[in-house]
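Q: next input, structure requested:
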Amino acid sequence: MTGAAISQPKRVLIVHSVGRDFSPWDYYARKIREELRLQSKDPIDIFEASLSTARFPDGNEDAFVDYLNAVFSERKLDLIMTIGGPAARFFQQNRQRIFPSIPTLYAALAQRMSSNAPATDAMVSVTVDVLSTLDQILKLVPETTMVFIVIGRSPIEKLWLEEMRKLFQPLTSRVDITYSNELSLEEILKQVAILPPRSFIVYGQMLVDAAGVVHEGNRAIDRIHAVANAPIFSEQDAFFGRGIVGGRMTNISDVSQRTAAVAVRILSGELPGSIKTPPIPAASPRYDWRELKRWNISESQLPPGSEVFFACPASGSNINYSCRLLWRPFCCRRASLHCCSSSGGDALSPRRRRPVAVRRSSV
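A: Take a look at the predicted model:
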């Protein structure tokens with residue numbers, strides 16, 4: 001064969017927590033796949049598997065170990081990448097049973113749940129400050145008297161529930177904090193529709209509800225937003241543009257870019273254990289203009305440096321409108337206002353400066 005040699009593809013196994021279509025990890029996985037192909041000079045061949053047993057407290061992980069060994073023992077893998085805490089924990093506990101010589105990268109997991117990572121592996125973790133979410137709510141609306149926290153009953157959700165109960169305990173003398181872990185989604189929908197005045201909803205995660213029903217993608221938060229009579233907060237920007245007010249959130253695009261950069265370095269020959277990435281903190285506060293208007297939260301109440309998205313300055317007071325033209329961003333005293341498409345995704349980038357046509361549906 002003449003000409004330059006064709007690069008052999010780099011084979012990457014991505015192991016999902018719970019399943020491929022569970023938020024927020026599905027957003028991380030999609031962005032990481034995109035970034036890998038953008039940043040790598042070599043072709044990337046991606047295999048994917050899901051730790052479905054993480055949905056259940058008594059899941060048989062031995063079967064998943066056997067499955068991975070059976071499928072990939074005859075295929076040369078160049079990198080194993082886990083997405084989310086459950087998949088990372090599974091690999092850390094079974095490292096010697098699943099391709100111990102293959103470089104491994106743990107991605108999109110909370111720093112506080114990453115202490116068991118072997119020093120020989122690489123990790124890109126995020127700083128999840130759940131206490132900050134309540135602090136932001138109380139600063140934004142000091143008269144808040146009740147917080148309803150949406151959280152499911154899968155093993156990872158139970159871990160976060162214990163963490164939240166411990167962190168929020170000092171605040172219980174100031175606000176009434178209620179958790180949804182004993183409710184089905186249908187019961188949650190009834191509760192969030194009749195919350196008392198001065199309430200807020202914190203959307204943690206809803207993988208498996210108390211009735212054992214599994215909730216993929218955004219269906220749970222979409223249904224909650226449709227009936228809720230109180231504003232919704234979350235520290236995950238996977239849900240930004242889908243009904244949450246905003247605040248300081250994990251920046252999935254940033255985390256995914258850094259994760260892909262680490263993966264490319266490993267695929268280029270660097271030892272995973274030699275790559276040290278500091279935990280990635282939450283980004284600057286961002287808010288959804290539509291939700292601010294819906295709940296009568298003034299932009300003057302937002303913290304300095306905040307960014308406001310999904311705005312249409314010429315909208316008037318009628319929320320059932322079509323915004324045909326969105327003008328370039330302009331700066332306010334306390335916040336930057338970004339006029340963006342309501343479809344989410346890359347439209348969240350404040351770098352978009354050209355006018356765009358967009359239809360906005362009722363909120």
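
Q: partners of I80 in the sheet?
A: L13, T104 (DSSP bridges).

Q: so how far is V12 from it?
A: Remark: distance between I80 and V12 (C-beta to C-beta, to the nearest Å) = 8 Å. For every residue, glycine as well, the C-beta is placed using N, CA and C.

Q: what do you get for D176?
A: 47 Å.

Q: more crowded one of those two?
A: Counted by other C-beta atoms under 10 Å, D176 and V12 do not tie: V12 has more neighbours, with 24 against 13.

Q: what sits against the nearest residue to that one once chain neighbours are set aside?
A: Leaving out its chain neighbours, the residue that sits closest to V12 by C-beta to C-beta, 6 or more residues apart in numbering is L79, at 4.8 Å. Listed by C-beta atoms under 8 Å, 6 or more residues apart in numbering, the contact set of L79 reads 10-13, 102-105, 263, 266-267.

Q: tell me the pLDDT at L79?
A: Note for L79: predicted pLDDT of 97.

Q: picking that back up, just give me the closest of the contacts of L79 to V141.
A: Taking C-beta to C-beta as the measure, V141 sits nearest to L105 out of the contacts of L79, at 40.1 Å.

Q: that closest one and I80 touch, don't they?
A: Yes: at 7.3 Å, L105 counts as touching I80 under the criterion of C-beta atoms under 8 Å.

Q: low-confidence regions, the stretch 1-150 of the chain specifically.
A: Counting by pLDDT under 70, the stretch 1-150 of the chain has low-confidence residues at 1-6, 58-59, 113-116.

Q: where do the strands sit along it?
A: All strands of the stretch 1-150 of the chain, identified by DSSP state E, counting those that start in this stretch, fall at 10-17, 44-51, 79-83, 104-110, 122-126, 146-151.

Q: out of those, flag the one nearest I98.
A: strand 79-83 (7.8 Å).

Q: now the closest one - C-alpha only, PDB.
A: C-alpha atoms of strand 79-83 as PDB (Å, rounded to 0.1, in the frame of the first residue of the first chain):
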ATOM      1  CA  LEU A  79      -9.200   2.700  27.300                       C
ATOM      2  CA  ILE A  80     -12.000   2.000  29.700                       C
ATOM      3  CA  MET A  81     -14.100   5.100  30.700                       C
ATOM      4  CA  THR A  82     -16.800   5.000  33.300                       C
ATOM      5  CA  ILE A  83     -19.600   7.700  33.400                       C
END
